[in-house]
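> Need a 3D model of the following:
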Amino acid sequence: IQEGRSLFCGDYELFRLEMRIGYDGKRAVQNFTGLGNYSRYVVQSLSAFAPENEYWLYAPVHRENQQLSSMVAESRGTVSVHYPSYWLWRGMTSLWRVGGIRRTLKRDNIRLFHGLSNELPLTIHRVREVKSVVTVHDLIFLRLSHCFSLVDRLIYNYKCRYACKHADHIIAVSECTKRDIIHYYGIPADKISVIYQGCSSLYACRVGKDKRKEVMRSYRLPERYILSVGTIEERKNALAIVKALEYLPDELHFVLVGRPTAYIHQLKEFMTKAGLQDRVHFLHGIPSDDLPAIYQSAETFVYPSVYEGFGIPILEALHSGIPVVAATGSCLEEAGGEHSLYVSPHDVEGLAAAIARTQEPSLRATMIEEGLKWAQRFTQEQMACETMECYRKVLTKET
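Purely as a prediction, here's the structure:
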């Protein structure tokens with residue numbers, strides 16, 4: 001590792017670490033939202049503010065992903081994606097990702113490997129040449145175990161426990177997640193750093209009236225609506241928003257953007273019984289370029305999720321200049337700040353009252369102004385600097 005003074009960032013005076021860093025790129029390649037966005041965001045941020053390094057993403061299977069291709073093409077530093085040797089691992093790509101990748105990391109002279117989604121290759125701690133960092137997003141499979149099958153719970157818990165125990169350092173995406181890691185796995189607090197993610201810069205750019213009208217017309221959106229974004233699953237608690245509509249003016253609709261699961265049938269069943277079919281609109285598969293217009297045309301963003309690791313859609317809403325109403329009980333206050341409104345995820349009337357309050361002119365103006373200020377805390381530069389500081393500590397720590 002070659003070291004030289006690099007840049008100042010907040011409380012850190014960083015050093016240039018010219019090296020090759022490896023990443024678990026499965027999510028970056030295969031996922032188009034959620035963990036995929038996080039994986040691409042991390043590498044993009046580091047490449048922008050520490051371009052002297054080489055960033056290698058390792059993925060078990062090739063898949064066309066325009067978001068990833070654009071990120072690689074536009075990166076300031078060297079970013080590349082690598083797949084297993086076809087002749088050796090044909091039909092066993094999952095095994096390669098779990099264990100075979102160790103030899104690949106040594107061959108490629110990787111100095112540090114970062115698992116971006118709760119796991120690391122098994123026995124990576126035996127590869128002395130490679131230090132390891134893991135990002136843990138949440139332990140929802142333990143917190144809300146009823147939402148997962150027994151097999152999934154066992155697999156997720158085994159992988160995450162192993163990664164937390166054997167990683168040289170852990171990055172938690174929120175203080176809430178850090179507390180869970182300590183509670184469930186007994187990991188010392190000083191082994192965990194909380195590093196917040198930001199969101200795409202698309203949401204901070206104001207969308208022109210013509211574009212907004214085009215998007216509204218294209219997706220047949222109502223004139224007035226509240227918005228929620230996320231997978232349509234039980235944990236996200238969209239049913240509470242549908243129920244809250246009964247306490248809100250008839251002209252106010254609900255737009256829900258997200259991939260549907262079986263949970264959507266509960267929503268539709270209640271909508272039918274309550275006569276709310278015409279006031280609820282489901283959208284999925286929305287191009288990322290259209291989402292900012294959908295956010296900025298909404299009156300309020302509502303996120304009553306029972307449990308989250310952080311809550312990126314809240315940041316997207318704050319950057320979009322709309323008030324946020326979210327749930328208590330996990331980490332959403334960390335994402336939304338003190339000027340967003342919070343209610344119990346099980347309090348439907350309280351949720352409706354909070355949504356109604358966001359229509360009060362004075363409060364609404366304050367929520368928007370302070371929300372925009374709060375969102376500025378979560379930047380690519382801050383994330384890159386804190387992550388590089390984490391890497392530096394791991395690489396320079398005496399063993």
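
> phi, psi of Leu57?
Backbone dihedrals for Leu57, given as degrees, to the nearest 10, come out at phi -100, psi 130.

> all helices of the stretch 151-300 of the chain, in order?
Secondary structure of the stretch 151-300 of the chain (DSSP state H, counting those that start in this stretch): helices at 175-185, 209-218, 238-244, 264-274, 291-296.

> Tell me which of those helices sits nearest to Ser228.
Proximity to Ser228 (C-beta to C-beta) singles out helix 238-244 among the helices of the stretch 151-300 of the chain, at 6.0 Å. No exception for glycine: its C-beta is placed from N, CA and C like everyone else's.

> how far out from the middle of the chain is that closest one?
23 Å (C-alpha atoms, centre = their mean, to the nearest Å).

> Sketch out the low-pLDDT regions of the stretch 1-150 of the chain for me.
Applying pLDDT under 70 to the stretch 1-150 of the chain flags the ranges 1-17, 85-97, 99.

> Do I have it right that His82 meets Ala59?
Yes: counting by C-beta atoms under 8 Å, Ala59 is a contact partner of His82 at 7.4 Å.

> okay, the two: which has more neighbours?
Higher neighbour count among His82 and Ala59: Ala59, with 23 against 13, using other C-beta atoms under 10 Å.

> And that one, how far from Arg392?
For Ala59, the distance to Arg392 (C-beta to C-beta, to the nearest Å) stands at 26 Å.

> go on, Ser69?
From Ser69 across to Arg392, the span is 30 Å (C-beta to C-beta).

> got it, and Ala335?
27 Å.

> go on, Phe378?
22 Å.

> one step back: shared neighbours of His82 and Ala59, anything?
Applying C-beta atoms under 8 Å, 6 or more residues apart in numbering, one finds that His82 and Ala59 are jointly contacted by Gly25.

> one step back: the more surrounded of Ala335 and Arg392?
Using other C-beta under 10 Å as the criterion, Ala335 and Arg392 rank with Ala335 on top: 30 against 19.

> which helices and strands does the host helix or strand of the more buried one pack with?
Ala335 belongs to helix 332-336 when assigned by DSSP states H and E. Contact analysis of helix 332-336 by 3 or more C-beta pairs under 8 Å, 6 or more residues apart in numbering; DSSP states H and E lists helix 312-320, strand 324-327, strand 341-343 as its packing neighbours.

> Can you list the helices and strands that the shortest one packs against?
The helices and strands touching strand 341-343, judged by 3+ C-beta pairs under 8 Å, 6+ apart, are strand 324-327, helix 332-336, helix 348-357.

> what's the closest of those to Arg220?
That would be helix 348-357 among those, by C-beta to C-beta, at 22.3 Å.

> CA atoms only for the closest one, dumped as CSV, please.
Provided in CSV are the C-alpha atoms of helix 348-357 (Å, rounded to 0.1, in the frame of the first residue of the first chain):
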residue,chain,number,x,y,z
VAL,A,348,-54.2,4.1,11.6
GLU,A,349,-56.1,7.1,12.9
GLY,A,350,-52.8,8.7,14.1
LEU,A,351,-51.3,8.1,10.6
ALA,A,352,-54.3,9.8,9.0
ALA,A,353,-54.0,12.7,11.4
ALA,A,354,-50.3,13.1,10.6
ILE,A,355,-51.0,13.1,6.9
ALA,A,356,-53.7,15.7,7.3
ARG,A,357,-51.2,17.9,9.4
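
> Give me the residues contacting it.
226, 240-241, 243-248, 300, 302, 304, 325, 341-344, 363.

> at 6 Å what do you get?
Helix 348-357 has contacts (C-beta atoms under 6 Å, 6 or more residues apart in numbering) with 240, 243-244, 247-248, 300, 304, 325, 341, 343, 363.

> how about these in TSV, adding pLDDT and distance to Thr123?
Below are the contacts of helix 348-357 laid out as TSV (pLDDT from 0 to 100; distance: C-beta to C-beta, whole Å):
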residue	pLDDT	distance to Thr123
Ala240	98	44
Lys243	98	49
Ala244	98	50
Tyr247	97	55
Leu248	97	55
Thr300	98	49
Pro304	97	41
Val325	98	46
Leu341	98	47
Val343	98	46
Leu363	98	55
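
> Can you tell me which of these has the most neighbours?
In the contacts of helix 348-357, the most neighbours by other C-beta under 10 Å go to Val325, 31 neighbours.

> from what I can see that residue touches Pro304, true?
No: Val325 lies out of contact with Pro304 (C-beta atoms under 6 Å); the separation is 7.7 Å.

> Next, count neighbours for Leu70.
For residue 70 the amino acid is Ser, not Leu. When neighbours are counted by other C-beta under 10 Å, Ser70 comes out with 12.

> hang on, I meant Glu233
17.

> correct me, but it touches Tyr263?
Yes: Glu233 is in contact with Tyr263 according to C-beta under 6 Å; the separation is 5.0 Å.

> mind checking which of the helices and strands packed on strand 341-343 is nearest Ile110?
helix 332-336 (32.0 Å).

> Can you give me the distance of the nearest residue to Lys211 once chain neighbours are set aside to Val255?
Nearest residue to Lys211 in three dimensions, chain neighbours excluded: Ala293, at 5.6 Å (C-beta to C-beta, 6 or more residues apart in numbering). From Ala293 across to Val255, the span is 12 Å (C-beta to C-beta).

> What of Gly309?
24 Å.

> More neighbours: which of these two?
Gly309 (25 against 20).

> Identify the residues contacting the more buried one.
By C-beta under 6 Å, 6+ apart, the neighbours of Gly309 are 137-138, 173, 177.

> Cool, thanks, talk later.
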